[in-house]
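Q: build me a structure from this.
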Amino acid sequence: MNKDVAIIQEFFNKINQFELPSTWDSHRNELKKIIGISEFFGENFDNSVIIGAGNLYDLPFNEIVENYEQTDLLDVDSATLIKAKDRVDTELQSKVNLITRDIVGYPEQISILDLQDLDKNSVAVKELLQQLFSAELCPIKIFQTQYSLAISSTVSSQLILPISKITDHSSNDEVIVMTKELGDVIADRHVKQVWDLLKRGGIGIISSEQYAWGSIDNSPLPLTKVINDPALMMDENIQSQIELIKGGLVINGRVTSESILHHIPQSNILKESEWIWQFDNELFYLVKCWVIIKDR
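A: Numbers count the residues shown, from 1 in each chain. Predicted coordinates for the structure are as follows:
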């Protein structure tokens, strides 16, 4: 393992340590319904993959493992993957395989430690972002195996985090715009990654946070200045207004209908849905989800 992957592992492991199962309840309940729909349309149940599996707090994992002959859990954080597998029912664990991989493929010369040193140096940050734009991040082929079911649950916004955790605090407009554009590129390529993992007749589930409302560490988020109730994130007119403004009102690295349709024909989209995910008493997300099927 090269130094950079190890540092990225540590970065996400720290994030995973702060997660609590209860914060995922409302999101998990919605995904359980979606998975039920996907199983109705599924043609075979040979294998499944959960991309960015993390703690598995967001999915009815025992149900998935039970219904498929083999389930691969894929994440860059190997330590959390081991703990996640331990949460699978004992009699099902033989059907679970762990795969540790950085699906973004950050270049070897770039590390999170370097980014921390660059925090106050906007010129160096811009140079780094330019390197990342030309680095062919999120290679289409994660591996050769193709699956009956591939799930990417709120993963795309995590993929840009090692960069945005630093640049989000920048006062340089160009750095902010470049980071947002890089997040869009990574999210778009991630959609293609999921699509490429499906065998013919395979089902893909992609969910992605779109907006966040409330506060983090007692700091109000920008959307709280626009609407006074998180339920309004479901309103189509409000969404249209947000999409016109974008900027800090939308989640960096989100998957959108545009990025879905960039790679997947409309006829292959079985269902689109959205819901409010109450993360805790202070933080709410609007999540959109797509169920897709590979050409038969």
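Q: which residues touch the closest residue to Leu129 other than its chain neighbours?
A: The shortest distance from Leu129 to any non-neighbouring residue, by CB to CB, 6 or more residues apart in numbering, is to Met178 (4.5 Å). Just so you know, the C-beta spots here come from the backbone N, C-alpha and C atoms, and that holds for glycine as well. By CB atoms under 8 Å, 6 or more residues apart in numbering, the residues touching Met178 are 126, 129-130, 133, 167.
Q: can you put those in TSV and add secondary structure, distance to Phe11 and neighbour count?
A: Output for these, formatted as TSV (DSSP: H, G, I helix; E, B strand; the rest coil; distance: CB to CB, whole Å; neighbours: other CB atoms under 10 Å):
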residue	secondary structure	distance to Phe11	neighbour count
Lys126	helix	21	17
Leu129	helix	18	18
Gln130	helix	22	12
Phe133	helix	21	13
Thr167	helix	15	25
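Q: can you map out the helices along the protein?
A: Remark: helices assigned in the chain by DSSP state H are 3-17, 25-41, 61-67, 78-86, 112-117, 122-133, 156-159, 161-167, 173-197, 236-245, 257-263.
Q: closest one to Leu98 among those?
A: Ranking those by proximity to Leu98 (CB to CB) places helix 78-86 first, at 4.8 Å.
Q: list the buried residues in the closest one.
A: For helix 78-86, a neighbour-count test (16 or more other CB atoms under 10 Å) marks 80-81, 84-85 as buried.
Q: and stretch 194-207, by the same measure?
A: Applying 16+ other CB under 10 Å to stretch 194-207 flags 194-199, 202-207 as buried.
Q: show me how far it is from its chain's centre.
A: Centroid separation between stretch 194-207 and its chain, computed with CA atoms, centre = their mean, to the nearest Å, is 15 Å.
Q: now the residue nearest the centre of the chain, nearest residue through space, not along the chain?
A: Nearest to the mean C-alpha position of the chain, counting by CA atoms, centre = their mean, stands Val155 at 1.1 Å. Spatial nearest neighbour of Val155, excluding adjacent residues (CB to CB, 6+ apart): Gly52 at 3.7 Å.
Q: which residues of the stretch 1-150 of the chain score low on pLDDT?
A: Where the stretch 1-150 of the chain drops to pLDDT under 70, the residues are 1-5, 18-19, 108-121.
Q: wait, Glu30 sits on Cys289?
A: Yes. Glu30 lies in contact with Cys289 (CB atoms under 8 Å); the separation is 7.5 Å.
Q: shared neighbours, the two?
A: 273, 275.
Q: contact partners for Ile251?
A: Applying CB under 8 Å, 6+ apart, the residues near Ile251 are 157, 208-212, 285.
Q: in contact with Leu73, which residues are there?
A: Applying CB under 8 Å, 6+ apart, we find Leu73 in contact with 49-50, 53, 56, 81, 84-85, 96-99.
Q: about what we covered before: for the helices of the chain, give me a markdown table that also has distance to Ile103.
A: Shown next, in a markdown table, are the helices of the chain (distance: least, CB to CB, whole Å):
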| stretch | distance to Ile103 |
| --- | --- |
| helix 3-17 | 11 |
| helix 25-41 | 20 |
| helix 61-67 | 19 |
| helix 78-86 | 13 |
| helix 112-117 | 16 |
| helix 122-133 | 15 |
| helix 156-159 | 7 |
| helix 161-167 | 13 |
| helix 173-197 | 6 |
| helix 236-245 | 27 |
| helix 257-263 | 16 |
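Q: figure out which of these is closest to Val226.
A: helix 236-245 (7.3 Å).
Q: can you pull the contacts of the residue nearest to Arg189 when sequence neighbours are not counted?
A: In space, and not counting its chain neighbours, Arg189 is closest to Cys138: 3.5 Å by CB to CB, 6+ apart. For Cys138, the contact set (CB under 8 Å, 6+ apart) comprises 103-105, 159, 185-186, 189-190, 192-193.
Q: just Lys271 next, same as before
A: 34, 37, 289-291.
Q: off-centre distance for the longest strand along the chain?
A: Criterion DSSP state E: the longest strand present in the chain is strand 198-216. Put simply, strand 198-216 sits 7 Å off its chain's centre (CA atoms, centre = their mean).
Q: many thanks, we can stop here.
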